[in-house]
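1. output the structure for:
(2 chains)
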Amino acid sequence: NAGVTQTPKFQVLKTGQSMTLQCAQDMNHNSMYWYRQDPGMGLRLIYYSASEGTTDKGEVPNGYNVSRLNKREFSLRLESAAPSQTSVYFCASSEALPEMNTEAFFGQGTRLTVV
Amino acid sequence: DAKTTQPTSMDCAEGRAANLPCNHSTISGNEYVYWYRQIHSQGPQYIIHGLKNNETNEMASLIITEDRKSSTLILPHATLRDTAVYYCIVRVGYNTDKLIFGTGTRLQVFP
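-> Predicted structure coming up:
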């Protein structure tokens, strides 16, 4: 049981390059999330997916696209990377229940540098 | 959406109780209070959550005021490994399951 797995762990991109960050969870969770964390800052929500087939914008969606490929996988794409997107990216998953008393599990992060 | 306010940083001596406050004065009746922590640059880790009753688990206790406008996370016997950033989060929405993080409290446990 690996939990939430993110790939790659580290990446350096040149400005204007594109790439996709991969995230997979093996807990059969409905909800998945992408966050970014800039140095010395808290986590900011980029996009989330409440269930397979649905995605919604979070606080800072500009410059990103997401795909909920299936229940397990939720990918984040940078079409044209910019230095402002240098950050640590975290993927998370949780079960979505009407009672709302569920915890979210986080991956170990992808450290992205755009030069 | 309810917002939270936490002190930027706190210190605690090893072995003593760490009491981390959180203000959430605009919380709605069906919103839960969650606490997570982030050690160094790892992914955040769930600690505890509650609605209106006090809660305790193997990691911590959560005290929520009667009016639910504030809460306190208590680590009963802080250790050096508890040094981390602690986030107080109010669950956003009813069925959307979003988690919105603030800037958190940086807790430094010293020997």
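
2. can we go C-alpha only for contacts and neighbour counts from here?
-> Fine.

3. tell me how many other residues crowd the closest residue to chain B within chain A.
-> Residue of chain A nearest chain B, by Cα to the nearest Cα: A:Gly42 (4.4 Å). For A:Gly42, the neighbour count with other Cα atoms under 10 Å in any protein chain shown is 19.

4. report pLDDT for the closest residue to it other than its chain neighbours.
-> Of all residues not flanking A:Gly42 in the chain, B:Thr103 sits nearest, at 4.4 Å (Cα to Cα, 6 or more residues apart in numbering or on different chains). pLDDT recorded at B:Thr103 is 83.

5. kindly report the same for B:Ser9.
-> pLDDT recorded at B:Ser9 is 97.

6. contacting residues for the closest residue to it other than its chain neighbours?
-> With Cα to Cα, 6+ apart as the criterion, B:Ser9 has its nearest non-adjacent residue at 4.4 Å, and that residue is B:Arg106. By Cα atoms under 8 Å, 6 or more residues apart in numbering or on different chains, the contact set of B:Arg106 is B:8-10, B:83-86.

7. please name the bridge partners of B:Arg106.
-> Beta-bridge partners recorded for B:Arg106 (DSSP bridges): B:Ser9, B:Val85.

8. same thing with A:Phe90?
-> Bridge pairing for A:Phe90 - DSSP bridges - gives A:Tyr35.

9. so what pLDDT did it get?
-> A:Phe90 is given a pLDDT of 97.

10. likewise the one 4 residues further on?
-> At A:Ser94, the predicted lDDT confidence score is 86.

11. ok, now which ones touch the closest residue to it other than its chain neighbours?
-> Take A:Ser94 and drop its neighbours on the chain: the residue closest to it by Cα to Cα, 6+ apart is A:Ala104, 4.5 Å away. Residues in contact with A:Ala104 (Cα under 8 Å, 6+ apart) are A:92-95, B:46.

12. from chain A, how far out is the residue nearest to B:Ser9?
-> Distance, B:Arg106 to chain A, by Cα to the nearest Cα, to the nearest Å: 10 Å.

13. tell me how far that residue lies from B:Tyr46.
-> Shown here: B:Arg106 relative to B:Tyr46, a distance of 16 Å by Cα to Cα, to the nearest Å.

14. for the residue nearest to B:Gly43 when sequence neighbours are not counted, grab phi and psi.
-> Closest residue to B:Gly43 apart from its sequence neighbours, by Cα to Cα, 6+ apart: A:Gln108 at 4.9 Å. A:Gln108 adopts backbone torsions of phi -90, psi 0, taken as degrees, to the nearest 10.

15. isn't A:Gln108 right up against A:Thr7?
-> No - with contact defined as Cα atoms under 8 Å, A:Gln108 does not count as touching A:Thr7 (9.5 Å).
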